[in-house]
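Engineer: Here is my input; please provide its structure:
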Amino acid sequence: MRRRSVLIAVPAGLVTLAGCGDSDSSSSKASASPSPTPSPSSSASAVPPPKLVDGPLPAITAGTKFDEKPTVAKGTGTPSKDLAVKTVIAGGGKAVAEGDFIQVNYLGQIWSTAKVFDNSYDRNTSLVIQLAQGGIIDGWRYGLAGKKVGSRVQMAIPPTWGYGTAGSAQAGIKGTDTLVFVIDIQGAFNAKSSVKGTVVAQTDADLPKVGTNTDGKAPSVTIPKADPPKKLVSNYVLESDGAVVKEAESILCQFKGVVWRTGKEFESTYSQGRLSQFAIKDMESVVKGLAQGLVGKKIGSRVMIVAPADLAYGDTPPTGGVIKKGDTLVFSVDILATM
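Structural biologist: So this is what the prediction gives:
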């Protein structure tokens, strides 16, 4: 089983298909994502913003290139009581903002001992997490805001903006420990994000046509004047060259869902102004066709999925929404990242 980052507190700003009814319904705004146990960082979220200083910071002695696992020396002397932040490598991408989901590789160690307590490089899996209060330790929130994608950032975080006086027994962090991080910012996503894949021709007149715009706005979904297919359909609209989605993963995405029978939207991240994050295995018990249609598709792609009723809600649709008994559902999904 994949080891969870000790940085995570409580997921925030997530949308799921748990309710999957009318996009204005309250049920569609509730998160059904598995919530990890809150870390001590959540209790420190009421502290005032830190003063940002440029040091002191221990030297990076090896692995000095972007996205290369770094080796960091032990801290010398007394660390700053403020938040020390340095851009080691300046990236040229978009600036990260509060509320964005970030995709990073990182290494964390204790100032006084150089003991590495967590790193993503050895797991060969980037961390995707929202830069939001209660979702990540405050040192990251304040230290990474404004940094650009493609940057390597080094930070020394005092307990006040880390794990507080309680520390983190899970990671072997005491309540007096200053933490040193090296963070490679690979990507950033928000409600205006779109994938940027290559356009794939949509030639089947009996299937819906999905827009290919990449401006962060909702793509059009045009339903044909034809009977819906009886089997699952999952086709690329925009195809990337990324790795494929695996059944054991969770995805971060933009999506738009439409009822085939009426062409009406039933839920959309675009209209709600926030991204969706869900585990593929969890989605199998909600809309099985959506889960099956995403597995094996490339990250960074837009996919059109047609889920027949037996792979959607069948005879038990959500109450009070536009989905009725026996409805076939159509999805446009931008696969932004996996975790």
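
Engineer: Quick check: residue 221 touching residue 256?
Structural biologist: Yes: between residue 221 and residue 256 there is a contact at 6.1 Å, judged by CB atoms under 8 Å. Quick note: C-beta positions are derived from backbone N, CA and C, even for glycine.

Engineer: More neighbours: those two, which one.
Structural biologist: Using other CB atoms under 10 Å as the criterion, residue 221 and residue 256 rank with residue 256 on top: 23 against 20.

Engineer: helix or strand for that one, which one?
Structural biologist: Residue 256 is part of strand 250-259 when elements are defined by DSSP states H and E.

Engineer: Got the confidence number for the residue nearest to residue 339 when sequence neighbours are not counted?
Structural biologist: Leaving aside its chain neighbours, residue 339 sits nearest to residue 128 (4.2 Å; criterion: CB to CB, 6 or more residues apart in numbering). For residue 128, the model assigns a pLDDT of 95.

Engineer: next one: residue 47
Structural biologist: Residue 47 is given a pLDDT of 84.

Engineer: So the residue nearest to residue 339 versus residue 100, what's the distance?
Structural biologist: Distance of residue 128 to residue 100, computed by CB to CB, to the nearest Å: 11 Å.

Engineer: Overlap in contacts, those two.
Structural biologist: Listed contacts common to residue 128 and residue 100 are nil; contacts here mean CB atoms under 8 Å, 6 or more residues apart in numbering.

Engineer: if you count what's nearby, which of the two comes out ahead?
Structural biologist: residue 100 (24 against 21).

Engineer: measure the residue nearest to residue 339 to residue 120 for me?
Structural biologist: 10 Å.

Engineer: likewise residue 206?
Structural biologist: 44 Å.

Engineer: Neighbour count: those two, which is higher?
Structural biologist: residue 120 (20 against 11).

Engineer: which regions of this protein lie under the pLDDT threshold?
Structural biologist: The chain contains residues with pLDDT under 70 at 1-45.

Engineer: How about the most far-flung residue of the chain relative to its centre: what's its closest non-neighbour residue?
Structural biologist: When each C-alpha in the chain is compared with the mean C-alpha position (CA atoms, centre = their mean), residue 77 comes out farthest, at 37.2 Å. Leaving out its chain neighbours, the residue that sits closest to residue 77 by CB to CB, 6+ apart is residue 56, at 6.7 Å.

Engineer: The residue nearest to residue 165 when sequence neighbours are not counted: neighbouring residues, count only.
Structural biologist: Spatially, and ignoring its direct neighbours in sequence, residue 165 is nearest to residue 175 (4.0 Å; CB to CB, 6+ apart). Neighbourhood size, residue 175 [other CB under 10 Å]: 13.

Engineer: Check the gap between residue 288 and residue 232 for me.
Structural biologist: 9 Å.
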